[in-house]
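**Student:** show me the folded form of this:
(chains A, B, C and D)
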Number of protein chains: 2
Amino acid sequence: MKILVADDDRDLLELVAFMLAQDGYLALKAGDGPSALSIFAAEAPDLLILDINMPGLSGFQVCEAVRRTSRVPVMMLTVRGEEEDLVRALEIGADDYLNKPFSPRTLLARVKALLRRARLEAASPVSAGRLKLDLEEHTLQIGAQPAIRLTKLELRLLQFLLANHGHAVSSDRLLTQVWGHRGAGDRELLKQLVHRARQKIEREPANPEILQTVPGAGYRLLVD
Amino acid sequence: MKILVADDDRDLLELVAFMLAQDGYLALKAGDGPSALSIFAAEAPDLLILDINMPGLSGFQVCEAVRRTSRVPVMMLTVRGEEEDLVRALEIGADDYLNKPFSPRTLLARVKALLRRARLEAASPVSAGRLKLDLEEHTLQIGAQPAIRLTKLELRLLQFLLANHGHAVSSDRLLTQVWGHRGAGDRELLKQLVHRARQKIEREPANPEILQTVPGAGYRLLVD
DNA sequence: TCCGTTTGTAACCGGTCTATAACTGACGAG
DNA sequence: CTCGTCAGTTATAGACCGGTTACAAACGGA
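**Tutor:** Reported below is the predicted structural model:
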């Protein structure tokens, strides 16, 4: 489980990361809002712990930005006594908050509870048009045909394309979404992945009806 | 939706009940622990809001008593600053907590979230389809066959899979559920456990009908 | 304590999945 | 026309996954 912690207080950041690591989580550290966002995009962590008071981008702003693309659970760190902060945090889509200072046990208990809750709410099939993606089963169903088993990467690719179905998605975005940033030369990987996906899902892989290429722009998923 | 509120602070009790009623809920009021329990038994409310500090039976004790028979969502009201209370509340099975004093908006937001969550979390039965798990006897019965004795770990594995029967459950979830967080390399353990469980419960362990693997996704229990 | 059971660890195997490279044809710019 | 780029295809090696076997360590009740 990857957890991203963002706090401008270096000491607290290290402390929280250490506690999480102790409990078996992989902690990613960000010292400010912008790096939190870039790490989020690159690593796709399972949970975010955001300090509200950060220079530049506040925790609120980071949370809002994240919420535009993701339902990942977010815990906000607030200074004791700021009731309005709490309410605002919950309203912009944070899932929990914690008053500073807090005990390690408390933090870990809340993290665990959040992850548990998130799991329950996630993982139901996503569908658009005649395509139905089952994230739990790793399958894709097209119309009434039997479900097709997908690998981890194929699933991630189609999940993202499905979320943007009808619109072309650039190779770069797909790369960061599926692999989470790597060397820029990894176009090859995407080419491969698309090819294999087409072999599985297209009636006629040579001229695809679903996973189409938009020359120069990237790929697009057509759902009907 | 029936919501039971228990608090010995008469004013707060009335206030909370009023806020809930305003939002369309049917609020049941209890002034102490014992009456909370009796109302709970009589009315079977959909959610409990329990103050921790009550004379006689504390909110903790009420929660524990309720948890012996029910998985109804419980929200605890704590006094700000009692971090240890929060942890204990979560540990004995409370689902959420709220620091006093709290704003009406906060309370209602949390209540709504809890009810939503509870709806998703279908009650986990000990039996489903032709499978019947006896948690006291540590046995599994399949159809009319004689009961099979299970070890502690096998029981935990099957209990969790049974609660999610028909759905694939990821290896990570199973690991944390059965062993409760450890090093990430413990795939081996799960592999072993599944193998042993299959030896016991499957007619033909090599191609399992009940405890199936969903490649890349985890395992799934089929009950019919 | 001892013995049988349960649990953890390691090694091996076959199959699938992923990364990487090389080759092909299409297309547009110069 | 030729070159370079882009996308598709083919091929292959290595990583990873899940099943299996074997054995050691830990546990638990007589």
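
**Student:** in chain A, where's the longest helix?
**Tutor:** When chain A is parsed with DSSP state H, its longest helix is helix A:104-121.

**Student:** which phi and psi values does A:Gly218 adopt?
**Tutor:** Backbone torsions of A:Gly218, given as degrees, to the nearest 10, read phi 140, psi -140.

**Student:** give me the neighbour count for the closest residue to it other than its chain neighbours.
**Tutor:** Distances taken as CB to CB, 6 or more residues apart in numbering or on different chains place A:Ser170 nearest to A:Gly218, at 4.2 Å, with adjacent residues excluded. Using the backbone N, CA and C atoms, a C-beta is placed for each residue, glycine as well. By the criterion of other CB atoms under 10 Å in any protein chain shown, A:Ser170 has 13 neighbours.

**Student:** my guess is A:Ser170 meets A:Ala217, correct?
**Tutor:** Yes - counting by CB atoms under 8 Å, A:Ser170 does reach A:Ala217; the two are 6.4 Å apart.

**Student:** coming back round to it: who does the longest helix of chain A touch, helix- and strand-wise?
**Tutor:** The contact analysis (3 or more CB pairs under 8 Å, 6 or more residues apart in numbering or on different chains; DSSP states H and E) places helix A:104-121 against helix A:10-22, strand A:47-51, strand A:74-79, strand A:96-100, helix B:83-91, helix B:104-120.

**Student:** let's have the ones you listed in TSV, adding mean neighbour count.
**Tutor:** TSV is the format used below for the helices and strands packed on helix A:104-121 (neighbours: other CB atoms under 10 Å in any protein chain shown):
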stretch	mean neighbour count
helix A:10-22	15
strand A:47-51	26
strand A:74-79	22
strand A:96-100	19
helix B:83-91	18
helix B:104-120	16
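
**Student:** quick check: which of these is nearest to B:Phe40?
**Tutor:** Counting by CB to CB, B:Phe40 lies closest to helix B:104-120 out of the helices and strands packed on helix A:104-121; the figure is 15.2 Å.

**Student:** so how far is the helix or strand following that closest one from its chain's centroid?
**Tutor:** Sequence order places strand B:127-128 as the next helix or strand after helix B:104-120, per DSSP states H and E. With CA atoms, centre = their mean, to the nearest Å as the basis, strand B:127-128 stands 17 Å off its chain's centre.

**Student:** and the residue of chain A closest to DNA strand D?
**Tutor:** Nearest to DNA strand D, among the residues of chain A, is A:Thr213, at 3.6 Å (CB to the nearest atom of the strand).

**Student:** helix or strand for that residue, just tell me which one.
**Tutor:** strand A:211-214.

**Student:** how about that strand, which residues are buried there?
**Tutor:** Buried residues in strand A:211-214, counted by 16 or more other CB atoms under 10 Å in any protein chain shown: A:Leu211.

**Student:** what average pLDDT does that strand get?
**Tutor:** Regarding strand A:211-214, the rounded mean pLDDT is 91.

**Student:** which other helices and strands contact that strand?
**Tutor:** Counting by 3+ CB pairs under 8 Å, 6+ apart, strand A:211-214 packs on helix A:187-201, strand A:218-221.

**Student:** does any bit of the first one sit next to DNA strand D?
**Tutor:** Yes - using CB under 7 Å from any atom of the strand, helix A:187-201 reaches DNA strand D at A:Arg187, A:Glu188, A:Lys191, A:Gln192, A:Val194, A:His195, A:Arg198.
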